[in-house]
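In: Structure, please.
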Amino acid sequence: MKNCVTLILKGMVIGIANIIPGVSGGTMALLLGIYDRLIRAIGRFSPRTLTDLWRTWKGRRGGSSSWRRFCEEYDLGFLLFLAVGAGAAIVTMSRLLKYLLMAHHDPTFGLFFGLVAASVLVPCSLMKRKSWPELLTAVVAVGLTIGLSELKSPEERFEAEQEKISLQENAAEQEDASGGQGLSVREFGSLFLVGAVAISAMILPGVSGSFVLLLFGVYLDILSAIIHLDVRVLGAFGLGCAVGIILFARLLNFLLERYYSPTMAFLAGLMVGSLWGLWPFKEVRYIGASQKPIYLANLWPDRFQGNEWLTLTTTIIGIALVAAFLRYEKTSTAE
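Out: Numbering: from 1, shown residues only. Below is the predicted model:
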């Protein structure tokens, strides 16, 4: 019983880490001493798992003890208690984070900016080699991230958001009239892809899954889906996560085994490039009946007043939190 409670508490720590951009759930698992077991348990899942499940269901693997052997083989008890803790933490924290993003955008993004900026040190410190290939890989990742965020001009992004809001309002009206409808193929595919990539990032030390959601521009959407229990969005995202665990995680493991330093350099480059999108001070416009704020081009404040000083403070707090965590991790490892 004590072990179960401990696993749930550890899962809560990992869940909180994964929902805050810049804080790595994988690093937390490493610090808590369960990373190797977690990776081994995840690595056991493959298409063969479905066959094993079917055989267990049919009772072809040893009668009444078949379920126990199946659970032990895939370490399901360990994964279940971790998932319960992580899920509880995510649901609890989502409402708070959404409120902070909507009511205090600049200071919240300032905190995220500081967390991610300081966390860049993690993949850099894990690199076994620092040479021209790694530098080039990091530069490509930085350019790719910034380039993707700037594919559209601020005006084009504003028009796209207007169209999105209009479609969402029409969909809501149709849903009220028809009693509900599913996601479009495009929406499903987008959420599926984001889920597959995000879950892969969540299991890597030094990389934040929420950072990936921010990178794809769906962080707030996923928070809203969790708060309102939108089974359509969460279903598509969750299915992507399941596939990502099986496919993308294996690919990342392959890359880390064969090209460890360039892969870590690429991850560091992604994090550096994401700082462009996480810059807290932006041009703001309001659209829709609810006057939803849309944050466009990066700006430098004309003058520093209460909001700007608070944002600078939260940025410093974010940097300090990561620095304190890295120091604690280093001390714990040394012991």
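In: Look at the closest residue to Asp52 other than its chain neighbours and say how many residues are nearby.
Out: Counting by Cβ to Cβ, 6 or more residues apart in numbering, Asp52 lies nearest to Phe70, which is 6.3 Å off, once chain neighbours are set aside. C-beta coordinates here come from the backbone N, C-alpha and C atoms, glycine included. Neighbour count for Phe70, taken as other Cβ atoms under 10 Å: 18.
In: Surely Phe70 touches Leu53?
Out: Yes: the pair formed by Phe70 and Leu53 meets the contact definition of Cβ atoms under 8 Å, at 7.1 Å.
In: Can I take it that Ala297 is in a strand?
Out: Yes: counting by DSSP: H, G, I helix; E, B strand; the rest coil, Ala297 is part of a strand.
In: Trp300 in helix, strand or coil?
Out: Trp300 falls in the coil class when you classify it by three-state DSSP.
In: So it sits against Lys282, correct?
Out: No: with the criterion set as Cβ under 8 Å, Trp300 and Lys282 do not qualify as a contacting pair; they are 10.6 Å apart.
In: Can you tell me which helix or strand of the protein has the lowest average pLDDT?
Out: helix 154-178 (a mean of 63; mean pLDDT, DSSP states H and E).
In: Run through who's touching the helix or strand just after that helix.
Out: The element immediately downstream of helix 154-178 (helix or strand, assigned by DSSP states H and E) is helix 185-202. Helix 185-202 is contacted from outside by 18, 25-26, 182-183, 207-213, 216, 218, 233, 236-241, 243-245, 247-249, 251-252, using Cβ atoms under 8 Å, 6 or more residues apart in numbering.
In: about what we covered before: how about the residue nearest to Asp52, what does it touch?
Out: In this structure, Phe70 makes contact with Asp52, Leu53, Thr56, Arg61, Leu76, judged by Cβ under 8 Å, 6+ apart.
In: Which single one of those residues is nearest to Thr314?
Out: Comparing the contacts of Phe70 against Thr314 with Cβ to Cβ places Leu76 closest, at 39.8 Å.
In: quick one, phi/psi of the closest one?
Out: Its backbone dihedrals place Leu76 at phi -70, psi -30, with angles given as degrees, to the nearest 10.
In: Please tell me how far it sits from Thr311.
Out: For Leu76, the distance to Thr311 (Cβ to Cβ, to the nearest Å) stands at 44 Å.
In: More neighbours: those two, which one.
Out: Here Leu76 and Thr311 are compared on neighbour count by other Cβ under 10 Å; more neighbours surround Thr311, at 24 against 15.
In: okay, now the nearest residue to the more buried one once chain neighbours are set aside: neighbour count?
Out: Spatially, and ignoring its direct neighbours in sequence, Thr311 is nearest to Gly110 (3.8 Å; Cβ to Cβ, 6+ apart). Gly110 is surrounded by 26 other residues when neighbours are defined as other Cβ under 10 Å.
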